[in-house]
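**Student:** need a structure here:
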Amino acid sequence: MRNHWLAKYLPSRESIRGNKALRPVRHLLLNPELWHLHRRSVGGAFFIGLFSAFMPVPSQMVLAALLALAARCNLPIAVALVWISNPLTIGPMFYFAYKLGAWLLGAEVATGPFELSWQWFGSKFATIWWPLTLGCLVCGWVSGLTGAVASRLVWRFHVIRRWRQRRARRAARRTTAAVGTGDPA
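**Tutor:** Now for the predicted structure:
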């Protein structure tokens, strides 16, 4: 399986086993199900990674890793997908989630000048936390489900294409063998 195109970018079980920083949780990370690339594992990892990317918590990667451990999905893919919410995208993502949550609740969107300070956050937290949380849950669920379905469809189309290529190669070999012996195919 290590010759798979995605597998060359993922860490191996041996590199995890040798990493001294991961010694306290190494027994959890050496589960082979966390490293396999198959349809269920990758689809689940897409759901977990994209769902965790929308959660308004400070350690989204830890959340994704814990959920991947619990669901026995591909751990590296789940953790890597969290980086969709990076310092450039997290503001627009959370603003959209907040507006969606406010719309779903029928609440008025809090307007006014934005300040990057604890005082502003403390005064606005009571009015924005529920719409933000609801919007993040909805956006996380929709994006996670979309990612899981899309990854399974791409996986399925890839498998079908490989089946057709094998069938064509077998037919070409039979034709070549039939022509070489003089027998009609």
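**Student:** Flag the shaky bits of this structure, pLDDT-wise.
**Tutor:** 1-13, 16-17, 21-35, 111-112, 114-116, 180-185 (pLDDT under 70).
**Student:** center of this protein, which residue is that?
**Tutor:** In the chain, the centroid-proximal residue (Cα atoms, centre = their mean) is Phe46; its distance is 2.6 Å.
**Student:** Just the residues contacting the helix or strand hosting it, thanks.
**Tutor:** For Phe46, the element it lies in under DSSP states H and E is helix 39-53. Applying Cβ atoms under 8 Å, 6 or more residues apart in numbering, the contact partners of helix 39-53 are 33, 60-61, 63-64, 67-68, 71-75, 77-85, 93, 140-141, 143-152, 155-156. Where C-beta positions appear, they are placed from N, C-alpha and C, glycine not excepted.
**Student:** Which of the residues you listed are buried? Put it as a PyMOL command.
**Tutor:** The PyMOL selection below is limited to those of the contacts of helix 39-53 classed as buried (16 or more other Cβ atoms under 10 Å):
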select buried, resi 60+61+63+64+67+68+71+73+74+75+77+78+79+80+81+82+84+85+93+140+143+144+147+148+151+152+155
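**Student:** for the chain, what spans make up the helices?
**Tutor:** For the chain, the helices defined by DSSP state H occupy 13-18, 26-29, 39-53, 60-71, 75-81, 90-105, 118-181.
**Student:** Tell me the spacing between Ser117 and Ala97.
**Tutor:** Distance, Ser117 to Ala97, by Cβ to Cβ, to the nearest Å: 22 Å.
**Student:** So between those two, which is more surrounded?
**Tutor:** Ala97 (23 against 9; other Cβ atoms under 10 Å).
**Student:** Confirm for me that the more buried one is in contact with Trp130.
**Tutor:** No. Here Ala97 does not reach Trp130: they are 11.9 Å apart, not a contact under Cβ atoms under 8 Å.
**Student:** What separation is there between the residue nearest to the centre of the chain and Val62?
**Tutor:** 18 Å.
**Student:** for Arg174, same thing?
**Tutor:** From Arg174 to Val62 the distance is 55 Å (Cβ to Cβ).
**Student:** Quick check: Gly140 touching Val57?
**Tutor:** No. Shown here, Gly140 and Val57 do not form a contact pair, counting by Cβ under 8 Å, at 11.1 Å.
**Student:** list residues touching both of those two?
**Tutor:** With Cβ under 8 Å, 6+ apart, Gly140 and Val57 have no common neighbours.
**Student:** still on that earlier bit, just how off-centre is the helix holding Phe46 within its chain?
**Tutor:** Computed by Cα atoms, centre = their mean, to the nearest Å, the separation of helix 39-53 from the middle of its chain amounts to 4 Å.
**Student:** Then stretch 99-106?
**Tutor:** Offset of stretch 99-106 from its chain centre (Cα atoms, centre = their mean): 26 Å.
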